[in-house]
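**Q** What follows is a predicted structure for the sequence shown.
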Amino acid sequence: MYKILVVDDEKIERNGIRFLLRQMNLPLEVIEAENGKKAVEMLKTESVDILLTDIKMPFMDGMELIAKVRPLYPDMMIVIFSGFSDFEYAKNAMKYDVKDYILKPVEPAEFKNTLHKVVGELKEKREQKLFKDMSQSFMEEHLLYSLVNGSTLSELSKEQGELIRNCDMDRFHQIVLLEFNDDFFGKSDKGFAECVQECLGEELRYLNLNPQQSIILLETELGEQARERAGGLYDRLKGKYAVKFYIGVSEEFTGAEQIYSQMEKLEKVMENKFFLTGNHIFLVAENQVEYAQQMDDNTLFKQMRQDIKMKDIPALKNHFQFVCQRYTDKTDYSQVYVKFIFSNFLKDFYDALPESERNEVTREIEKLYKATTFQEVREIVLQNIERLERAFTANPQMIHREIEVVKQYIYDHYRDEISIDMLARLVYMAPSYLSAVFKKETGQNLSKFIKEYRMEKARDMLENTHMKIVQVSEAVGYPNVSYFCQSFREFYGISPQKFRNQGEE
């Protein structure tokens, strides 16, 4: 629907124009003013697509009206109508980009042709703007996806030039991560992003990363209500979709260059979800010690055993520090109990060390039982963690066998649904450790690795086969073709169909 303002000081002329417009069945809403002064007042509050004005009117004539409103509304279409004697006025009006001049008395056929032409131009302009806005939006998706996955602004500026400057990546100041255990985003309805937007507000950008994860980039920080507002979002989505998922909230930041580092922190804090099964909201701003304190002793020691298995010394030291913080002030446990707990932990080192050093661990356990303070117990364990680190360094495994198994599974089953939980079960590892070790060994996020391999396969099929887009989508593990097109566009900055068309050209 378009809005047209008819300006004429004669009521009978305005009624005649209304009658002709009704006969034409064009998508027009008609409003009117009796002179230029009234029209200017109306245009202060009304958005108008077409101005149809007479030339000679009291208080303010058509020429003054056009001169006043053209600078304010450069895209408004203007048509003037008046008697033959005013033709000189019409010629002067052309400098204001007036679309046409209609002589009075108005001839219905001429009037119809003029209005059809003007409405046609409006429709074409609106479609062009919509396409431009969509293209800009698609490019922003691609740029944000690149930033989230480690590209820098300087790298993107070299590739995209003016486009990245137009997108204003620096307007975002906080990230909310939504993470599901299955391929939720490949199956969910299109209303998900709208639901998120209603809950958090208007100033945000929704971006899907893979079938299990999406992020919301916020222009306005959540502030002190971060946990409360994230909880409100969780309740809203849980009530609507009835699935298990988690929400992570980044720290506040300034500048697009910090997006990647904030994502790394988010993924790190979200690892806690596998051990704190009752928690669904995780904030980077909350100290990691706070999360560790929520875990029971058994969970912490399980984590440390997993650290030893995966030869992850930094994580082992970190988790051991949490244990020490918890036991330093515990006066309700006897010395014997504390020594028993920590000696059992030392026994976990036994199988991880070379045979030549195992006897030394036995002596260290005896030494631990003779300790007179908790500080001595702590130092004995730390020394043996360093012993482990030396042993691991002397015989490093650059590529874990488990990672090769995971990668081969992805190569063989990229057509099927793949989740991190499923891959973790395949190699008997905790999902958080699999993600961490995969990134450490390959330098790449596991979810991104899966998506990148699927996108490479899709590109190859688009270039080298005559398969339909829907067939390509299914062949690379996306049963929902709309979701596939969205993912392809985010990854390559162009739709699958346009990519194929460019190749054919």
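**A** Sure thing, it's come through.
**Q** which of the residues in stretch 16-25 are buried?
**A** Within stretch 16-25, the residues that qualify as buried by neighbour count (16 or more other CB atoms under 10 Å) are 16, 17, 21. Yep, even glycine has a C-beta here, placed from its N, CA and C like the rest.
**Q** neighbouring contacts of it?
**A** 4, 6, 8, 28, 30, 32, 52, 106, 108, 111-112, 115-116 (CB atoms under 8 Å, 6 or more residues apart in numbering).
**Q** change it to 10 Å
**A** Residues from elsewhere that reach stretch 16-25 (CB atoms under 10 Å, 6 or more residues apart in numbering): 4, 6-8, 10, 28-30, 32, 52, 54, 81, 102, 105-106, 108, 111-112, 115-116, 119.
**Q** mean confidence score for that stretch?
**A** For stretch 16-25, mean pLDDT is 87.
**Q** quick one: the helix or strand harbouring residue 266 to chain centroid distance?
**A** Using DSSP states H and E, residue 266 sits within helix 259-270. In terms of CA atoms, centre = their mean, to the nearest Å, the centre of helix 259-270 is found 14 Å from the chain centre.
**Q** returning to that earlier point: let's see the PyMOL selection covering just the buried ones among the contacts of stretch 16-25.
**A** This is the PyMOL syntax for the buried subset of those, where burial follows 16+ other CB under 10 Å:
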select buried, resi 4+6+7+8+28+32+52+54+81+102+111+115+119
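**Q** In helices, which of the contacts of stretch 16-25 appear?
**A** Judged by DSSP state H, the contacts of stretch 16-25 include 108, 111, 112, 115, 116, 119 as members of helices.
**Q** can you list the weak-confidence ranges in the chain?
**A** The model of the chain has pLDDT under 70 over residues 84-95, 127-137, 157-167, 188-190, 202, 274-277, 287-296, 329-333, 395-400, 503-505.
**Q** picking up where we left off before, take the buried residues of stretch 16-25 and keep only those in helices.
**A** 16, 17, 21.
**Q** Name the nearest residue to residue 470, sequence neighbours excluded.
**A** Excluding the flanking residues, the one nearest residue 470 by CB to CB, 6 or more residues apart in numbering is residue 481, at 4.7 Å.
**Q** So the one you found is in contact with residue 472, correct?
**A** Yes - contact criterion CB atoms under 10 Å: residue 481 and residue 472 qualify, at 8.7 Å.
**Q** between these two, who's got more neighbours?
**A** residue 472 (22 against 16; other CB atoms under 10 Å).
**Q** quick one: buried residues of the host helix or strand of the more buried one?
**A** In the assignment (DSSP H and E), residue 472 maps to helix 469-475. Within helix 469-475, the residues scored as buried using 16+ other CB under 10 Å are 469, 472, 473, 474, 475.
**Q** elements contacting the helix or strand that it is followed by?
**A** Counting by DSSP H and E, the next helix or strand C-terminal to helix 469-475 is helix 481-492. Counting contacts by 3 or more CB pairs under 10 Å, 6 or more residues apart in numbering; DSSP states H and E, helix 481-492 packs against helix 108-148, strand 204-210, helix 446-464, helix 469-475, helix 496-504.
**Q** Just the C-alphas of helix 481-492, formatted as PDB.
**A** Coordinates of the C-alpha atoms in helix 481-492 are reproduced here as PDB (Å, rounded to 0.1, in the frame of the first residue of the first chain):
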ATOM      1  CA  VAL A 481      16.700 -26.800   3.000                       C
ATOM      2  CA  SER A 482      15.800 -23.300   4.400                       C
ATOM      3  CA  TYR A 483      18.300 -23.800   7.200                       C
ATOM      4  CA  PHE A 484      20.900 -25.100   4.700                       C
ATOM      5  CA  CYS A 485      20.500 -22.000   2.500                       C
ATOM      6  CA  GLN A 486      20.900 -19.800   5.600                       C
ATOM      7  CA  SER A 487      24.000 -21.700   6.700                       C
ATOM      8  CA  PHE A 488      25.600 -21.600   3.200                       C
ATOM      9  CA  ARG A 489      24.900 -17.800   3.000                       C
ATOM     10  CA  GLU A 490      26.500 -17.200   6.400                       C
ATOM     11  CA  PHE A 491      29.500 -19.200   5.500                       C
ATOM     12  CA  TYR A 492      30.200 -17.900   1.900                       C
END
